[in-house]
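**Q** would you be able to build a 3D model of this:
(2 chains)
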Amino acid sequence: MSETSPAIEVSALCKRYGEYEAVRGLDITVRRGEVFGLLGPNGAGKTTTVEILEGYRARTSGDVSVLGHDPASRSIELRRRIGVVLQSGGIYSHITPREALAHWASFYPHPREVGEVLALAGLEPKADVRSRRLSGGELRRLDFALALVGDPELMFLDEPTTGFDPEARRAAWETVRSLRDLGKTILLTTHYLEEAQALADRVAIVKDGRVLAVGAPRELGVGAAHYRVAYRESGGELVERETGDPTTLLHELTGAALARGERLEELSVERPSLEDVYLELTANA
Amino acid sequence: MPDALDGVNPVALCWRQYRLERKMFWRNPSAAFFNFLLPLLFLFGAGAILSGNQRDLNKLIPSIAGMSVMSTTFTALAYNIVFLRERGVLKRIRGTPLPTISYFGGVAANAVTNTALQIAIIVVAGRVFFGIGWPPDPGELVVFLVVGVVCFAALGVAFAHAIPNFESTAAYVNAVFLPVVFVSFFAFDSSSAPGFLRTIADALPLKPLIEGLSGALVSGSGLANNLDALAVIGLWGAFGLYFAVRGFSWEQSRT
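**A** Below is the predicted model:
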């Protein structure tokens, strides 16, 4: 398999639990070396999708390829090349991070150095403290460390910062960025917009088990009208106009205003933020 | 071969898992106490009360040995599996390349080590303190221990599926463990036990195990005399293995 083939390819993925359809024809492609975000509200099917890719769940239908493997086969060869950070994965109460990492490293043919992984995850000061004495943020860093110690090509991060305070969240973001800097391909799920914006190279907005839009966070607004020009008329009324060609529109507006000898109060040109797109898509879908 | 070894050997991984399980076991004082010390406290407590009465001591030693097998396998595994499942440790392990066989091999070997240690202590105590010689039939001892361990370990794993959460584990496990121990001890010790109680005890796996261990540790009656007991334990073992494998869940259900 060539190194340029996608890390993950999913097409027409469906997952049904009895009557309930959690995933309904989902398509995504994750390129090698990118951080790809699955963004959507709770219950959108993000975790179900990721757990199918990780090999935890069988799909109902659709095609799935992870590093060239079908994850449903649960091959050891595939599991050696992926790292999984579960939404809530526990660890023995009486194990220290150093011991846990040494044990996990033994599962893999070419693990990273335990000391290096402790440093990367910011766990050096807590390396010899039993896990039951670690804080929530420290346990999350241990999750990252355990997923990283096998030196995987591809990492899955399911809701990596849910329930974190802002400081712990920023620390976790730093860890994710350092994973990207190591060249890892990362698929992360989140329901936090700012997290997708801060971390992901590309984002798929997911709702009701389908992808509504895919793109770089800054470009996701690109659609029919992707600039919003706003100003206040001399009468005091706020006017908003959407356009694909702001240069021409601004030229017309400013020209007309100059000709009338007026000012365009509160003039602004904005591109819809990821938040605008997200709220619009998830409200209408 | 997708599972090419590539420097990672399932047997070596099983050994590493076993060593980790041993370390975790001794670091958890309450587990060490309930799984390990409690039967020994029973042994020395009851042994002291019965001292001088050789007939009762001859009944006590195999009874405690049988209870030890049950507590080190059935009770310990039910607790462990429910805890690790609820904590998400099992699910995390399932996402790694650790072979399932290596994982469960290590977990089972940990339980068997506890069984072996306890039986060794009981045998030595029987020799030194309670007027019972070295086991007259070591072959029968090994056979009953192996079959008993497999049976109760499988039942413990199978029973873990029925326990909804870790908080209720003690209630569920004791609701089985205590009545089974009581009925089996009573039926084994006393020929005056009511008939229905003896019928129940004979159908459960613990009393047959105690009978087999009694033959091995005390009377030397020979394996041939305890084949029906072995058959009962074997049947329970097959039942346990079927449900242990069939119902096994790596994660807490999200209900």
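
**Q** and what about the residue of the stretch 1-150 of chain A found nearest chain B, helix, strand or coil?
**A** Here the stretch 1-150 of chain A gets closest to chain B at one residue, residue A:90, 3.1 Å apart by CB to the nearest CB. (Each C-beta comes from the backbone N, C-alpha and C, glycine too.) Secondary structure state of residue A:90, per DSSP: H, G, I helix; E, B strand; the rest coil, is coil.

**Q** OK, contacts around it?
**A** Contacts for residue A:90 (CB atoms under 8 Å, 6 or more residues apart in numbering or on different chains) come out as B:84, B:86, B:87, B:88, B:89, B:92.

**Q** and it, how far is that from residue B:166?
**A** Look at residue A:90 and residue B:166: by CB to CB, to the nearest Å, they are 11 Å apart.

**Q** what does residue B:133 give?
**A** Separation of residue B:133 from residue B:166 (CB to CB): 43 Å.

**Q** between these two, who's got more neighbours?
**A** Comparing residue B:133 with residue B:166 by other CB atoms under 10 Å in any protein chain shown, the one with more neighbours is residue B:166, at 15 against 11.

**Q** quick check: closest non-adjacent residue to that one.
**A** residue B:86 (4.7 Å; CB to CB, 6 or more residues apart in numbering or on different chains).

**Q** point me to the helix or strand that includes the one you found.
**A** Taking DSSP states H and E as the definition, one finds residue B:86 inside helix B:76-87.

**Q** what does the next helix or strand after that helix rub up against?
**A** Scanning forward in sequence from helix B:76-87 by DSSP H and E, the next helix or strand is helix B:89-94. Residues from elsewhere that reach helix B:89-94, judged by CB under 8 Å, 6+ apart: A:56, A:84, A:86, A:89-92, A:146, B:81, B:84-85, B:103, B:250-251.

**Q** helix B:89-94: how far from the chain's middle?
**A** 24 Å (CA atoms, centre = their mean, to the nearest Å).

**Q** look through chain B and state the residue closest to chain A.
**A** residue B:87 (3.1 Å).

**Q** now for that residue: which residues touch it?
**A** Counting by CB under 8 Å, 6+ apart, residue B:87 touches A:90, A:91, B:166.

**Q** am I right that the last one is in contact with residue B:83?
**A** Yes - the pair formed by residue B:166 and residue B:83 meets the contact definition of CB atoms under 8 Å, at 5.4 Å.

**Q** give me the neighbour count for residue B:161.
**A** With other CB under 10 Å as criterion, residue B:161 counts 17.

**Q** with adjacent residues omitted, what lies nearest to it?
**A** residue B:247 (4.2 Å).

**Q** tell me how far that neighbour lies from residue B:119.
**A** Counting by CB to CB - residue B:247 and residue B:119 are separated by 29 Å.

**Q** residue B:132 too?
**A** Taken as CB to CB, the span from residue B:132 to residue B:119 is 13 Å.

**Q** ok, now residue A:120?
**A** Distance from residue A:120 to residue B:119, by CB to CB: 47 Å.

**Q** spell out the residue ranges of the helices in the chain.
**A** Going with chain A. A:46-54, A:76-79, A:97-105, A:114-120, A:136-148, A:166-181, A:193-199, A:246-260, A:274-284 (DSSP state H).

**Q** try chain B instead
**A** Taking DSSP H as the test, the helices found in chain B are B:10-27, B:29-32, B:38-50, B:54-70, B:76-87, B:89-94, B:100-128, B:138-160, B:169-189, B:195-203, B:206-214, B:227-246.

**Q** of all those, which one is nearest residue B:220?
**A** Comparison of these against residue B:220 by CB to CB identifies helix B:138-160 as nearest, at 8.2 Å.

**Q** including pLDDT and distance to residue A:113, could the contacts of helix B:89-94 go into a markdown table?
**A** Formatted as a markdown table, the contacts of helix B:89-94 follow (pLDDT from 0 to 100; distance: CB to CB, whole Å):
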| residue | pLDDT | distance to residue A:113 |
| --- | --- | --- |
| A:56 | 94 | 29 |
| A:84 | 95 | 21 |
| A:86 | 92 | 24 |
| A:89 | 81 | 23 |
| A:90 | 89 | 25 |
| A:91 | 94 | 20 |
| A:92 | 94 | 22 |
| A:146 | 96 | 14 |
| B:81 | 93 | 33 |
| B:84 | 93 | 28 |
| B:85 | 93 | 31 |
| B:103 | 95 | 24 |
| B:250 | 88 | 29 |
| B:251 | 87 | 31 |
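
**Q** now render these as a markdown table, adding distance to residue B:112.
**A** A markdown table is the format used below for the contacts of helix B:89-94 (distance: CB to CB, whole Å):
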| residue | distance to residue B:112 |
| --- | --- |
| A:56 | 30 |
| A:84 | 30 |
| A:86 | 30 |
| A:89 | 28 |
| A:90 | 25 |
| A:91 | 24 |
| A:92 | 20 |
| A:146 | 28 |
| B:81 | 16 |
| B:84 | 18 |
| B:85 | 21 |
| B:103 | 15 |
| B:250 | 22 |
| B:251 | 26 |
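
**Q** wait, isn't residue A:38 in contact with residue A:47?
**A** No - judged on CB under 8 Å, residue A:38 makes no contact with residue A:47 at a distance of 9.1 Å.

**Q** now the residue lying closest to residue B:206 once chain neighbours are set aside: how far from residue A:22?
**A** Excluding its sequence neighbours, the residue lying closest to residue B:206 (CB to CB, 6+ apart) is residue B:184, at 4.0 Å. Per CB to CB, residue B:184 is found 47 Å from residue A:22.

**Q** what's the nearest residue to residue B:127 once chain neighbours are set aside sitting at in phi/psi?
**A** In this structure, residue B:127 finds its nearest non-sequential neighbour in residue B:134, 5.9 Å apart by CB to CB, 6+ apart. When read as degrees, to the nearest 10, the backbone of residue B:134 gives phi -60, psi 150.

**Q** quick check: residue B:134 vs residue B:51, distance?
**A** 20 Å.

**Q** the two - which one has more neighbours?
**A** Ranked by neighbour count (other CB under 10 Å), residue B:134 and residue B:51 place residue B:51 first, with 13 against 10.

**Q** so what's that one up against?
**A** B:57, B:130.
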